[in-house]
Structures are given as structure tokens and as C-alpha cells.
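> Fold the following and give me the result.
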Amino acid sequence: MGKEGLFPGTTRRDFIKTCMAVSAMLGLPFSMVSKVAAAARKSDNRPAVIWLHFQECTGCSETLLRSTHPTVSSLILDLVSLDYHETLMAGSGHQAEKSLHDSMLANKGNYILVVEGAIPTKDNGIHCKVAGKTALESLKKAAEGAVAIIAIGTCASYGGIQSVGPNPTGAVGVGDIVKDKPIINLPGCPPNPYNFLSTVLYYATFKKLPELDQMGRPKFAYGRKIHEHCERRPHFDAGRFAKAYGDAGHSEGYCLYKLGCKGPATHANCSVLRFNDVGVWPVSVGHPCIGCTEPDILFKSAIGDKVQIHEPTPFNSYAPVESANRSKGVDPLTTGIVGLAAGAVVGAGAMLGKKLPDAAGKEEGHEKSE
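Reported below is the predicted structural model:
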């Protein structure tokens, strides 16, 4: 490739860095970087992608537009063959529909179907139509020839805000409708675009889907809780919590759990991967995690509601961070109790030491008398 990278306007160094980052996200050894890079270079290895929009705000596509390693133009032209996407494609009307049907026919059984948005099922699905067909009809038809389906965003994964009671349109996620195809859920409101990129690259490299958790999410991105790698976690462990927006603790970056942060119950890599290529995510700028990757948290509990966790406060064995009695030394009552316990242990040890020789002597004397 010389000095140029795979993607126009990028250097080979940037291209390799992207492949290394993706490989690390996927938990692959360093030796696999070259294989990922080779798969990305092959123009004939690009998977065909058909992207459908249903009940959604287009935020998932918008976050994809914010990715720069690679840019969205490089992604859809060089890394994958994005044959249909209502927001990004130039064509419209009959021209767009022809592109959709031609791609489905030419790549039957070998394209990746990406679904953005929930699918309404009430009243035979009339609450969402494109080109005279309901979302329900379009999804079932497109799913027939797909090798796999990526449900991008919480709406496509679980139904999202559209499915919140009373759910007047009967909105559901892809998995509630399609039962005979592999489905990868990439929840988030919006999801990180690099989770999508990594999933596609994994498939292009190994011709199989990444390992999924019980919710159908890739483990490389959703295998751990946000709380485990949050930059505010040390404050949580030390018992330092912001109690109100704008108070001293909030300004100093204290833990946001008492303000309703759902990080301890949310599986995602937001605290590690961040967003918009500038290293930010909601918690880093002072807003609690709203649990947007979890089906039973987002839109089903208030932002200020605290999630139930095993240890909402630090262990009692931790020394208090701030104590009014730090200069007074050790509490006398505590000293007495500890001393009493230590004395009992030492006394018991001494008694045991005395008994052991006596018992041995008796046994020895008994043997001699026999």
C-alpha cells in the first residue's frame, strides 16, 4: 500500500492503528492484526450491507457519521458495500427501491442486514410504511436472504422508547419477529459506531459472528459493566458521591450513583471506547449513565432512580475518607475490644500448647507400660 492507507486520505500508519484498535476491542492477540488488515484490504471481500430504517430518530446513523477512523465515506465505499441506506444514498423513490431489490437478488444468502429502529406490529404494522410496504413486511422479506442481521441501537434491539407502555403501535425489536437468522444486537442510544465497525470487520476476517452474550450482544463490547472501568469508580470505592447537580462533589468529579447513575447495572464499553473521537461520554461530562444498552432500564425508570446493587456503599472495612476524629487517635472502646479478642486468641493458643505435650506424654507412658 506504500504510504497510503486503505482509506483515501489516510496513511498506512492510521490504517494499521485502526486495525490494532479493532483487534484489541475484539480481544484478539496481536498476531491477528495482520489478518484483520488483510481482510480489510481485499476489495472482493467486502460484505454487502442493506440498511433499513423503521421507527427511529436516525441517531444511530448520525453517530456513524461522526466516526473518522475510518470516515463514513471510506466505510461504505471501501470496507463494506453499502447497497441501500435511505439516509445516505443519493437515489430516492423508484430508483432507491430498485437498488434495494437488485442488491437483495444479487447477494441472496450473502448480505448483512442492518436494522435501525423498532418494528410496529399492531394493526398489521400500518404505523410504519416505506414504499407502500409496512416495516413488518419489509423486514421479513429482507431477512429471507440475509446471512445475519445486525440490530443497531436500542430500538431495533429491544423496541426502545417506542415499546414503552402503553406501546400504542405494538413496537418490538428484530428478535421478536425474526427467529431463523443469527441476530446481533448492538444496543445503545445511540450505540458507539466502532462497535458496528468491529462487528463487520470480525465477520469479514473470520466469516463468522463474534461470541454473543445471553442478550445477543457481542461480548467484546458488552461483556463487562460500565462501572468496572469508569473514571469515577475510585470515588465510589472511597464513598465520595455527588448529591446534587452543581454541588461541590459534582464539580470535583465524585461518583454519580446517588444521582441515578445506572453504570453498575449496565453492560457496555462506553467508559473505555468513548464517543465522537474526542474522548467523551455522558459520565465524563457530569451526567449519570441512563442504562441505554439494557432493555429493562432505559425509558423504564426515571433518570434519578438508583439501581439496586449488592454494595451501594463502600465496605465497612475501608477507612473513612473524611473523619472528624482523625486527630484523636484510636477509639478506646475499639482498642479494648480488639485487645480482648487478641488476648483470647493468645490464651487459647497457650492452653493448646500445654495440652499437646501432656497428651503425647500420656500416650508415650501408656505404650511403655504395655
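
> So, low pLDDT: which residues of this structure?
The chain contains residues with pLDDT under 70 at 1-12, 14-45, 69-78, 310-370.

> Could I get the full set of helices for it?
Applying DSSP state H to the chain gives helices spanning 12-25, 33-41, 59-65, 72-74, 93-106, 135-144, 154-158, 193-206, 219-222, 233-238, 248-251, 270-273, 332-369.

> how about the CA coordinates for stretch 191-207, as PDB?
Output of stretch 191-207 as PDB, limited to C-alpha atoms (Å, rounded to 0.1, in the frame of the first residue of the first chain):
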ATOM      1  CA  PRO A 191     -24.500   2.900  20.100                       C
ATOM      2  CA  ASN A 192     -20.800   3.500  19.500                       C
ATOM      3  CA  PRO A 193     -20.100   3.300  15.800                       C
ATOM      4  CA  TYR A 194     -16.900   1.400  16.400                       C
ATOM      5  CA  ASN A 195     -18.900  -1.500  17.800                       C
ATOM      6  CA  PHE A 196     -20.600  -1.700  14.500                       C
ATOM      7  CA  LEU A 197     -17.300  -1.400  12.600                       C
ATOM      8  CA  SER A 198     -15.600  -4.100  14.800                       C
ATOM      9  CA  THR A 199     -18.500  -6.500  14.200                       C
ATOM     10  CA  VAL A 200     -18.400  -6.100  10.500                       C
ATOM     11  CA  LEU A 201     -14.600  -6.400  10.400                       C
ATOM     12  CA  TYR A 202     -14.800  -9.600  12.500                       C
ATOM     13  CA  TYR A 203     -17.200 -11.100  10.100                       C
ATOM     14  CA  ALA A 204     -15.100 -10.000   7.100                       C
ATOM     15  CA  THR A 205     -12.000 -11.500   8.700                       C
ATOM     16  CA  PHE A 206     -13.300 -14.800  10.100                       C
ATOM     17  CA  LYS A 207     -16.500 -15.400   8.100                       C
END
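
> List the buried residues for that stretch?
191-205 (16 or more other Cβ atoms under 10 Å). (C-beta placed from N, C-alpha, C; glycine too.)

> just stretch 150-166 next, same as before
150-163.

> Now for these: which two are most distant?
Ile150 and Ile161 (19.9 Å; Cβ to Cβ).

> Show me the chain divided up by domain.
12-222, 224-323 (automatic domain parsing).

> Tell me which of those is the most buried.
Most buried of the domains of the chain by mean neighbour count (mean count of other Cβ atoms under 10 Å) is domain 12-222; its value is a mean of 19.

> Make sure Lys225 is actually in contact with Thr266.
Yes - contact criterion Cβ atoms under 8 Å: Lys225 and Thr266 qualify, at 6.2 Å.

> one step back: out of the buried residues of stretch 150-166, which one sits closest to Asp123?
Nearest to Asp123 among the buried residues of stretch 150-166, counting by Cβ to Cβ, is Gln162 at 14.3 Å.

> Let me see the contact set for the closest one.
By Cβ atoms under 8 Å, 6 or more residues apart in numbering, the contact list for Gln162 reads Gln55, Gly117, Ala118, Pro120, Cys155, Thr169, Ala171.

> swap the cut-off to 6 Å and go again
Gln55, Ala118, Ala171 (Cβ atoms under 6 Å, 6 or more residues apart in numbering).

> Put together CSV for those residues, with distance to Gly132 on each row.
As requested, the contacts of Gln162 are exported to CSV (distance: Cβ to Cβ, whole Å):
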residue, distance to Gly132
Gln55, 17
Ala118, 20
Ala171, 20
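
> And these, which is closest to Glu252?
For those, the nearest to Glu252 is Ala118 (39.7 Å; Cβ to Cβ).

> The closest one touches Ala171, doesn't it?
Yes - the criterion here is Cβ atoms under 6 Å, and Ala118 meets it with Ala171 at 3.9 Å.

> hey, what's in contact with both of the two?
Shared contacts of Ala118 and Ala171, defined by Cβ under 6 Å, 6+ apart, are found at Gln55, Gly159, Gln162.

> got the contact list for the first one?
Taking Cβ under 6 Å, 6+ apart as the contact definition, Gln55 lies against Gly117, Ala118, Cys128, Gln162, Ala171.

> what's the closest of the residues you listed to Leu186?
Comparing every one of the contacts of Gln55 with Leu186 (Cβ to Cβ), the shortest separation belongs to Gly117, at 13.0 Å.

> Need phi/psi at the residue nearest to that closest one when sequence neighbours are not counted.
Among residues not flanking Gly117 along the chain, Glu56 sits closest, at 3.0 Å (Cβ to Cβ, 6 or more residues apart in numbering). The main-chain torsion angles of Glu56 are listed as degrees, to the nearest 10 and equal phi -160, psi 180.
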